[in-house]
Each structure stands twice: as C-alpha cells, then as structure tokens.
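Participant: when you get a sec, could you give me coordinates for this:
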Amino acid sequence: MRTGEPLPAVGEVLAALATGLWHWNTATGLVTVDAEAARLLGLPAERATLSQAQVRARLHPVDWNEISGVIQLAVAEGTLGEVRVRIMDELGRVVRLGRSRFHASFDREKRSYEVTGSLQEVTEPTPGTSAGRTAVTGDWRRSREAFLLDAGRALAEARSTAEVLRVAAGLSMPGFSPDGLAVFGVTGDRLTIIGHHGHEPGDEGPFTHMALETDYPAAEVVRTGRAVYLSSPERYKERYPVTWPLAAHFNRQSWAFLPLTVAGRTMGAWMAAFTYPVAFTPDERSVLTTVARMLAQALSRAEAAESARELTDGLQRSMLPQLGPEIPGMSIAARYVPTGGGLQVGGDWYDMIPLPGGTSRTEFGGGRFALVIGDVQGHDVRAAGLMGQLRIALRAYASEGHRPDAVLSRASRFLHGMTFGSLDEDPSDLRFATCLYVEVDPSTGLLDIARAGHPDPAIRMSDGTVLARPTAGGLPLGIDPDADYPTTRITLEPGETMLICTDGLIETGGHDLETGWKRIRTILEEHDGDLEALADGLVQAVHGPSSHHTTGPLADRREDDIAVLLLRRQGEGCSDAPVARPTIRRTMLSVAQAEPERVAVARQQLRELLHDWASEDQVDSAVLLLSETLTNVLVHTDADALLLAEVRGEPGDRRLRVEVTDTSDDLPHRRSPGELASSGRGLVLIELLAEAWGVDPRGEGKSTWFELYESSGADGSGGGDGSGDADGAGGSGGSELP
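Facilitator: Coordinates of the predicted model:
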C-alpha cells in the first residue's frame, strides 16, 4: 500500500486475516454471518442470515451451551467475552477449532441479548472424543462461579416444590447441560418420583414406588449416600444389568445420580442425564455436587413451607363456617384469604348465626340471623386460637337471644377475661379484637348494627351508587370489660348490597384507609355480576397480580389477611342480580343530641345520594336545608333527630324528599328576624329553595320535610313554590322552634 492511498474496508482486512464477523439477536433468534464466518462454519462462503438451530447444528453441543453462560458473564462484568468452539460437519465430526471474541449487550425492555463478534480458526490440536475431552472452551472457572451464583439465587427464591423443579429444569450448566432430569424422594422403603423434566408423561411409571433394595442407581444413592456417575451406556449396563432395560429406551449416553442430603440425612436422589458422552471430570463433578446440595436445601425448605401452609390453612378454614342454606329474599357470599407472610395464619373471621324468635324456628329458614365479622390482633397461632374461642362465644351469646349491643358487651368481657385477667400475663400477649355484628330481618330488610372498633359497612345501591354507612361504635373487644356498644338501624332496600370486611381488604397493597377505600369503591360501582362474582372481583382486585401495579403510599406495609362478607337483598323476581334501574334510593341516619358532629356526616351522605343529580345548585340547596333542619332539632329541642332522605323516579325527572323526625311536639312557626338577628331565617330559606315542605305530627313528635324536583333544577327554574303553609305546616330553620 502506497502512502496516500485510501485504507481498505474493515471487512476486507478481516477477510485477509481469515477472520469472519457474526451478529446474534436473541429476540429474533437470527444469526447474521459474513462470507468468511459462513466458510468457517462449513457453509457456502457468502453472507447469510441463519437461525439459531442452523448455527447450533454446526457447533459441538457442549460448546453451544457454554456460549450462553459466557455471554451472561460478559454482560454482568462489562467485558469482552471469548469462547473456543469445535465446528462440526453434517456427520457430527469435528472439522476445525475456532475462537470467537465478542461484545454483548442486554435490552431490559425486550429481555434479550445482542451479540457481535469475530470468528477465526486456531491451530491448537483438535480435541479428542467428547467423552475424553479437556476443558478448552472459554473461562471455565469464571463461568462456573457465575452459574452457581445464579442457580443459588433462583433456588433460594423458589417457595414450592413445583417452583424448585421448574428452576432445576431451566438450569444451563457451563460447558454441559443435561436434557433429562428426575428428582426421587423416599416414602418408607420405596422410591417415589417427585418430578421430572425431559421425559414424556407416563415414562416415570416403572420407577414409581420402586423398592430401595432394587439394583438401580437412584436406589443405591439413597442407600449409601454416595453419588454414581455413568459416562457411557456400556458402563451403565455393566454395573446395573437388571435395570438397564428400563433406561435403554431413553437413548441417553451419560448419567449422574447424586444424593439429596440435608443435615446428614439423604432425602432422595437427583438424576441428570445427557444425550452425549460426558467424562465427568473433577470440575464437572464439583458443579453437579454443588447443584445437588442447593437443590436438596431448596426442596427441604419448600416441603417445610408447604406443610406449614397446609396446616395453618386447614386450621384457619376449619374455624370458618359454612354459610348455611339459602335464605328467601337474601343472597350471601363470603371470602377469606390468609396473610401472605409468616405462618399465613391470622385472626380474621366471619360467621353467620341463626337467631331465636324469628319467623321460623328452623335453622335460618327465613327467620332472623346475624352476620359477624372480626379481626383479632396479630398474625400467629395465638391470634387464630383466640379467634376460634371468640367466635364460639359470640355464637353462644347470639343464640341466647341477646340484642347486638348486649352480644358485643358480653364478648368484650369474655375476651378481656382471657387476655387481661392474669397478673402474670406477658404484656406482649395482651390482645384485642375488632368486630362488626349485624342482625338481619330478611322479611323487612332491617339491619341492626353494633360495631367494636371495626370499619363501617358500605351499601351498594341497586344503580351502583356506593355509600359508606357511618354507624355508632365502641372500643375494640377486650379492652374495657364494661364498654357499651350502641346500635344503629338501617334498611337494606331490594337490589341493594351491604359489604362488611376486615381492614386487610382495604389496606392490602400498601394502601391506607382512604386510598384503599377508593380502590374498593371503584370495584363495587363498576361490577354488574352476581354476588359470588363480586366477591371474587374484590379479592382479585386487592390480592391478585393486578394489585401490584396500583400499590398505595405505604408500599412497605405488611400484607394482612382478608375476610369479606356480602349481603344482598334480592330485587324483583328474587333474582340475585341487582335491579337494573332503581326507582327508589334512600339513606337513613340518626343524629343524637350528644353527637352534633354527625350533622356533617348527614350532609356528606346526602351529597353521595345525589351524586348524579342534574343540578349542582339544587344539591347545594338540599344540603343547606338539611343542615338547617337538623340543627333546629339539636338546638331547640331535647330530642334526637332521625334523617330519612329518599330519591324517587327516573333520571332527569326525580324527586328528592328529606324528612327529619324528632320526638318534640313543638311545631315551628313563622318569624320575622331583624337585620342583626343571628337566627330565625331557616323558614325563609326553606320557602325560597324547596319545591314543597311541611310538618307532619306523628303522635309523639313530628316530621319536618321538604322536597326538590330534578326537572325544576334542570330547566333553570327556581326553588320554592309556596306550598308550605304558614299556620304550623312550615319547615323548621334557624330559630323557628319555640
């Protein structure tokens, strides 16, 4: 080459040096080679795009398996990789020895490798037979260390026997990989097959329940605790002539049988079979022995974990009841999901109890019954034991005919005596329990609810509207033996569904009570199937794979167990499906003199009831009038107030009626407040904003009511029509009550 002449292309230089180029994309499975690389592989000397199978057919199987390990090691260390490969012809004969240096990168999104490298022939002596080969491919020791670290991590993360077997089947050993695996266990004096890979279904038949005294390699390994290596079929036939016919038809060339030993006890054997001869050099035996030890530890852990899960799951489910026979007019569904950590046992439970004195004395049979859901503090065997005892106590008190408040009071005294009664009690063992007790009358839909530190119930109306129902409550059970538990009464209308659950349903997945409730509410509103499907949907939403993509702000929160109860009052035709379009939507709430803060709860309940009302101004007006009416009762009487808000009709033409009932006989009257007066304007507001209003005497007490019409708000017309009379039938507001 003269000075000033252009440099030749890189490809020409490499071709002159008898060096070929290749590129491999594992995502597509295609290998691109230039003319020189194709020639070295024994193909026509021209640029070509080959499949992995075509390239693999030209390389010794041992060398091909090692390439994957060296690629992973090169990516992990950020270095160039180097392998030496034996190139073979169509008859499987080694025709040349090649060396390849390459650069590899990993695409995390596609989960694939891209490798670009060179290939050239080397002049080292051609190795001998495969069975007698020496390790000439790549950096054996570094590849082995990388493989063992990866295998150890994968086996340590396996949580069940099936996962352990899947990991073992996917191991790609550096330099040699078995294509047939079997894991043998021991039951009494018999071998059993725990799992296998690389065989057809039914192939394990002759080896199942084989006596340990049989002249078979796996049986000998279990008896002696020593590994057996068979490098050729001749060696197998010579050493085990009796059982050789069982293995002959698998067409394998080499076998390794290794003991699975844990704490000095041989629990089984692991077989690795190869379709090509393997010499089982000291390095290869070292790798196999290490894998067998890790496999034994993983299987031992998986077996212990599965036994513990089976025991605790059986214990937990044995304490949970069957929901009993069908109840006319009602549908019930329940779910329980154990905690995801530790012993997978917790203190959550639910129950369904027939009550005496109903319309029928037979079990359930259409009479009154109680639904109970609760959560004993803790996630251990003691919590499960206390749960079982508390559940029995609650059933006993309910079966005696006590009202909900009395049932919870007695249960609290019972639990306090169990956990706080001993002076020698370890403070760490002191427990309490939250509980929600609902007495149900199927004929009327009345629900009497008593709550002990538990989340409030939620009501899904028949049109999909979901309301959280605030209920009066007391301390969790077991804290104060003399605690009181007030009762709240609500009505479940036809087509409506009540949800009661433990906090695990709300807070699972790193959610707090606020964000978790929003997630649950979305599921309730969007679901339109039957009750069983709704129960499955709730559990799947918070416990299934999709929940990991919507974790809450407390991502490190420990997973909790979950208990869910759903009660639906059937709609028209006694169908379990909700009514498609309701004509009535209502909410009821009591406001005691000592609980003025519940006025804010009432306002929120009314807004939720009117969530799809056409006019936002009318919603604001309704909330204002409700606040005025409730406040009058609390300020100007000594009675408690009962709110009943009801929406009737079809969307666009609905009517809202709000009634506030109290036990005072004093009727409101019209007043003319002065400019500086601080009260007396409530009646003026009702007359201005309400379509209709009035006061109905109730024998003992009165009911003050007002109405708003959706059609009036939609067409922009004003509020009151003057239908309220001035001689005592007016609404109470501000200081109208004497």
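
Participant: partners of Thr116 in the sheet?
Facilitator: On the basis of DSSP bridges, Thr116 is bridged to His23, His103.

Participant: list the contacts for it?
Facilitator: Shown in contact with Thr116 (C-beta atoms under 8 Å, 6 or more residues apart in numbering): 21-24, 102-103. (Each C-beta comes from the backbone N, C-alpha and C, glycine too.)

Participant: can we see that at 7 Å?
Facilitator: Listed by C-beta atoms under 7 Å, 6 or more residues apart in numbering, the contact set of Thr116 reads 23, 102-103.

Participant: give me the pLDDT value at it.
Facilitator: Listed pLDDT for Thr116 reads 92.

Participant: which one is Pro470 nearest to, not counting chain neighbours?
Facilitator: Excluding its sequence neighbours, the residue lying closest to Pro470 (C-beta to C-beta, 6 or more residues apart in numbering) is Val601, at 4.9 Å.

Participant: so where does the one you found fall, helix or strand?
Facilitator: Per DSSP states H and E: Val601 is located in helix 598-609.

Participant: what pLDDT does Val564 get?
Facilitator: 92.

Participant: does it touch Cys501 like I think?
Facilitator: Yes. Contact criterion C-beta atoms under 7 Å: Val564 and Cys501 qualify, at 4.7 Å.

Participant: if we can go back for a sec, count of neighbours near the residue nearest to Pro470?
Facilitator: 16 (other C-beta atoms under 10 Å).

Participant: how much space is there between it and Gly464?
Facilitator: 22 Å (C-beta to C-beta, to the nearest Å).

Participant: what's the answer for Pro354, then?
Facilitator: Taking C-beta to C-beta, one finds Pro354 at 32 Å from Gly464.

Participant: kindly report the same for Glu90.
Facilitator: 69 Å.

Participant: more neighbours: which of those two?
Facilitator: Gly464 (15 against 8).

Participant: just say helix, strand or coil for that one.
Facilitator: coil (DSSP: H, G, I helix; E, B strand; the rest coil).

Participant: distance of the residue lying closest to it once chain neighbours are set aside relative to Gly264?
Facilitator: Leaving aside its chain neighbours, Gly464 sits nearest to Glu525 (4.9 Å; criterion: C-beta to C-beta, 6+ apart). Computed as C-beta to C-beta, the Glu525 to Gly264 distance reads 60 Å.

Participant: do the same with Ser615
Facilitator: Distance from Ser615 to Gly264, by C-beta to C-beta: 80 Å.

Participant: more crowded one of these two?
Facilitator: Using other C-beta under 10 Å as the criterion, Ser615 and Gly264 rank with Ser615 on top: 19 against 6.

Participant: residues contacting the closest residue to Gly649 other than its chain neighbours?
Facilitator: With sequence-adjacent residues excluded and distances taken as C-beta to C-beta, 6+ apart, Gly649 is closest to Arg655, at 5.5 Å. Arg655 is in contact with 648-649, 707, 709, counting by C-beta under 7 Å, 6+ apart.

Participant: return the set of residues that bridge with Arg655.
Facilitator: Arg648, Tyr709.

Participant: just use 59 as the starting number from now, easier for me
Facilitator: With the count now opening at 59, the last piece we talked about shows up as Arg713.

Participant: and it, how close does it get to Asp675?
Facilitator: From Arg713 to Asp675 the distance is 17 Å (C-beta to C-beta).
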